[in-house]
Every structure is written in structure tokens, then in C-alpha cells.
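Trainee: Predicted model and sequence below, questions to follow.
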Amino acid sequence: MTPAIIEIGPLQLTLCLGFVLLAGITSIVYKLGLGRDLLVGTIRTFAQLFLMGYVLKFIFQVHVSWVVLLMFACMVAAAVHIIKGRVKERSIPFLMPTFISMLISYTLVSMLVTGVIVGAKPWWTPQYFIPLAGMIVGNSMTAISIALERLFSDLKSRRAEVEMKLSLGAEYREASQDILRGAIEAAMIPSINSLMAVGLVSLPGMMTGQILSGTDPLIAIRYQIVVMLMLVASTAIGTVIVTGLVRRRCFSAAQRLIIR
Amino acid sequence: MSLALDLVTFAYPGGPAILEDASLIFKSGSFTLVRGPSGAGKSTLLRLLCRLEESGSGQILFNDTPIEKMVPADLRRSVAYVQQVPTLLPVSVRENLLLPFLFKANANITPPPDEVLAVYLDSFLLTGVTLDTEASTLSVGQSQRVCLIRSLLLNPAALLMDEPTASLDAESARVVLEKAAELSRGGMTVIMISHSETTPDGVTQIVSIKDRRLEYA
């Protein structure tokens, strides 16, 4: 027995604006000066989500593999753009290696999840592929920014240690092994922590969404378990590949630390 | 083993030239003292010789071979660079001394046994320091000497020291300088940066950096 989904109509959406109004009044009363940002944010939320809704509807309708994959590539590109904003280092070109390794590794993980574990046929079925792949990209985007930021800052602050090892005959990988390990570890901790907290502290968005749309909670949690484990794996794969490739670029062919 | 600079020009990215058409020869078994004001490029000179910096133009020659033609690890093993600020890992003195032997490039060298390491500690007046001492408990002067020993264990052909005696007491400084002289007499090419006015025994040439060039003082 699946209860019918209660639809949110235009009137209800308009009523929702009352929430923003409430936040706006707070801003005015406490002179927070957030009015403008609130306005822009609200408009963007409406515009971006409506746009996404229509794009998804279109993709679901045409049901063609390359359109789905193109959509995925755009999501990865957007993630790389956000990573670029978060990672302050500019002397090392990290965008292209990040984009390519995210694209390849996450296509593979998503394929595995939709095709093998969920068993969607074909594996790129957009209802499954897009949301699952989207979660992978969104989640590991944070992890990769943490890893890169940590990699760059440690290579700079621990320059003496890296150069000491190089001077003693270490190859760049040996000289930066501890730093790489630290960066990957720092990036993985949040997703491992979320394995601990899930269901106790937070009800994950996807599961909540499924339950709201009438799915049996016992089915929803199974999806959530798959998602959680998939996220840990993709975070690990993504950060390992990206940091490995980017670290290479922090050293010259002569095994000299370039980043300053 | 000789080292030579041939019309070397170097600038840090976005910075002014540090060296311009600098040429000089460090003969096998020579003991060179490098002097010059702070920021003149003394440390840069040492870093160029072991390729921790790469020159913009000109050549650096290791026994007449351009260093770009050498495997970086081989060059750095032969041209040992001891940093101005000693860097040790927070583990025991033994583990620090044996660190280089963990690297692939040094796999063909047998790590020295404890007795050999102990003799080194003694000969550098590191009394009170044992192989099991935690490196983090050492003073700067002690750390500096442990770093020097660590480099010497690889049996380098040249030794580049960036102000090795700056943080040493008079007695330890004397030991380090005597060692340097002894090593150069044994054929090692020793290059040392110093701010001290006195010239240690055994120095064969004094070089200074003036107007981005190297000249004999």
C-alpha cells in the first residue's frame, strides 16, 4: 500500500515565501544586512531548482545514454568549479587532473552501483544514475577540496622536511608520502564519521526524500546503506587519484618541489 | 669530484635575478667558504648545486657532466646538502640516521650497524646522545650535527653546508670545522656558507657573491 504523494501546488509554494519573510524581518530587526543575500538566494533557489527539474524531466523523457552522461559530465564540471573556489592555490594547475579523474572514477563507481547493485537496466537509467552519481560527485567534491587544500598547505609548511628527504636521495613520492597520507586521511574522515552518525544524528536527505514520496522505510534504508558505502568508496578512490596526480605537478621533472 | 658553474643565471619566480652569468669551479678536495650579505644568494647557490633549484640559463657541471643529465637522486646522494635549519623527524636518533637507507635510490648501500653510528656520534662530540635518544629532545646544535652525520653516512663526494656552525657552541663548532677540513683533505669537495669573520683551518678558497656574480675574495 503506497500512499499517494501530496503535491505542492503554486499556492503552497507562495506561502513558503513567508519563511523567507520571517528570516528577512529578523535581518531587519537585528540589522544583519542580510536582506539582499536572502533575496538573491531565494530567487536562485527557485530558478536553479526549477531549471534542474525541467532538465531532469527532459533527460528522463529522451532516455538516451549520451545525454545522461553529458549531464553527468556537467555535474562534474560544476563540482570542479566549486573546488576551484575553495582551494586557494593557483601556482599548480590542478583543475584538469581533478576533472578527468573525477569523471572517470565516478562514472565507474556509479556504473557499478546502478548496474550491478541496484540492477537498473540499462545501467544509465537516468532515474537511478543521475541522483546516485550526483550524490557521489557532491560528496567527494568536499573530500577532494579538503585533500587538495591539505596537500598544498602541508607541502608548503613542511617544505624543509620534503627537501631534507630529497637531499638524501628520496624520490618525490618518498619525500611526500607522509603528506599525501595526511591529506587523504583528512579527506576521508568526514565520510567515515557520517557512517557512525547516520540514523542517530541525521536522517539522510535521500532517505527522507524516499520516505516522503511514499517508499517503505525498510526499502529506503537499504538504498541509504548502498549510498553510504558507495560514498565512502568513491571518496577514497577520488581523493587517492586526484592527490596522486596533483602531487606529481607540485614537483618538477628534476624532483624539485615547485610549490612555494 | 669537481663542481662548476658556467654562466649560471637564476631568479626566483617573479623576483629579481639572484645570480647573473655566475661562473666558478670547486675543485676536487677543495674547501670553499662562501661569504656575502644576507639575501645575496648564498643558500641559493648551494640549492642550485644539488638541484633543489633549477637555473634559468647556464650550466652546472658535476665532474664535467651537466647535472640535468644525472638522475636527481644520484646527484643529491653525491652532492650532500645540509640545511641551515636542521630537520629531523620526531623519532629516535637511530631512525633519523637510517632514514636515507629506506629510500629506493639508496637500496644498494648497506645501512651501517649501531657501532658505526655510535662512533660517528662520539666523533662529533655528541656525548650524552645515544641512538635511542628521541630526536625531538635534542638542542639545535645537536640536531645540526646529527643531520651532518646522516648526510655523511651516504658517503657523498661533495658536502654543501649552510652555516653549519651558526647554532653550535665554540667547542662543537671547532669539531665540525675540523671534520670539514679533514673530509676535504680526503678528497671531498666541501662548500660552506659562513657569517663568521674568522677563516677556519684548511679552507682553500673564499668566495663571495657580489652584484649577482661569484668572485674570489
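Mentor: Yep, that arrived. Since we're looking at a predicted model, the values are computed, not measured.

Trainee: Please make it C-alpha for all contacts and neighbour counts, starting now.
Mentor: Noted.

Trainee: OK, now which residue of the stretch 1-150 of chain A is nearest to chain B?
Mentor: Proximity of the stretch 1-150 of chain A to chain B (C-alpha to the nearest C-alpha) peaks at A:Ser91, 10.5 Å away.

Trainee: any idea which element that residue lies in?
Mentor: Remark: A:Ser91 resides in no helix or strand, with elements defined by DSSP states H and E.

Trainee: Which residue, neighbours along the chain excluded, lies closest to it?
Mentor: A:Ile259 (6.8 Å; C-alpha to C-alpha, 6 or more residues apart in numbering or on different chains).

Trainee: count of neighbours near that neighbour?
Mentor: 18 (other C-alpha atoms under 10 Å in any protein chain shown).

Trainee: per the record, what domains does chain A have?
Mentor: Domains of chain A are assigned by automatic domain parsing as A:10-62, A:64-249.

Trainee: closest one to B:Val116 among the ones you listed?
Mentor: For B:Val116, the closest of those is domain A:64-249, at 18.9 Å, according to C-alpha to C-alpha.

Trainee: Tell me how far the closest one lies from the chain's centre.
Mentor: 6 Å (C-alpha atoms, centre = their mean, to the nearest Å).

Trainee: Give me the mean pLDDT for that domain.
Mentor: Computed over domain A:64-249, the mean pLDDT rounds to 92.

Trainee: Quick one: residues contacting the nearest residue to A:Ala160 once chain neighbours are set aside.
Mentor: Computed as C-alpha to C-alpha, 6+ apart, the closest residue to A:Ala160 that is not its neighbour in sequence is B:Thr87, at 6.7 Å. Shown in contact with B:Thr87 (C-alpha atoms under 8 Å, 6 or more residues apart in numbering or on different chains): A:160-161, A:164, B:143, B:147.

Trainee: Quick check: residues of chain B near chain A?
Mentor: Within chain B, the positions lying close to chain A (C-alpha under 8 Å from any C-alpha of the partner chain) are B:50-53, B:68, B:71-74, B:76-77, B:80-83, B:87-88, B:100, B:103-106, B:151.

Trainee: List the ones among the residues you listed that fall in strands.
Mentor: Among the residues of chain B next to chain A, the members found in strands (DSSP state E) are B:80-82.

Trainee: In TSV, list the residues you listed along with neighbour count and pLDDT.
Mentor: Converted to TSV, those look like this (neighbours: other C-alpha atoms under 10 Å in any protein chain shown; pLDDT from 0 to 100):
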residue	neighbour count	pLDDT
B:Ala80	27	96
B:Tyr81	28	97
B:Val82	28	96
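
Trainee: Would you reformat the residues you listed as CSV and include distance to A:Leu34?
Mentor: Shown next, in CSV, are these (distance: C-alpha to C-alpha, whole Å):
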residue, distance to A:Leu34
B:Ala80, 59
B:Tyr81, 56
B:Val82, 55
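
Trainee: With mean neighbour count as extra columns, can I get the domains of chain A in CSV?
Mentor: What follows is the domains of chain A, written out as CSV (neighbours: other C-alpha atoms under 10 Å in any protein chain shown):
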stretch, mean neighbour count
domain A:10-62, 13
domain A:64-249, 18
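
Trainee: In TSV, list those along with distance to B:Ser43.
Mentor: Listed next are the domains of chain A as TSV, based on distance: least, C-alpha to C-alpha, whole Å:
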stretch	distance to B:Ser43
domain A:10-62	51
domain A:64-249	13
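
Trainee: Mind checking these for the one nearest to B:Gln59?
Mentor: That would be, of the domains of chain A and by C-alpha to C-alpha, domain A:64-249, which comes in at 19.9 Å.

Trainee: which element is B:Gly58 on?
Mentor: strand B:57-62.

Trainee: Sounds good, over and out.
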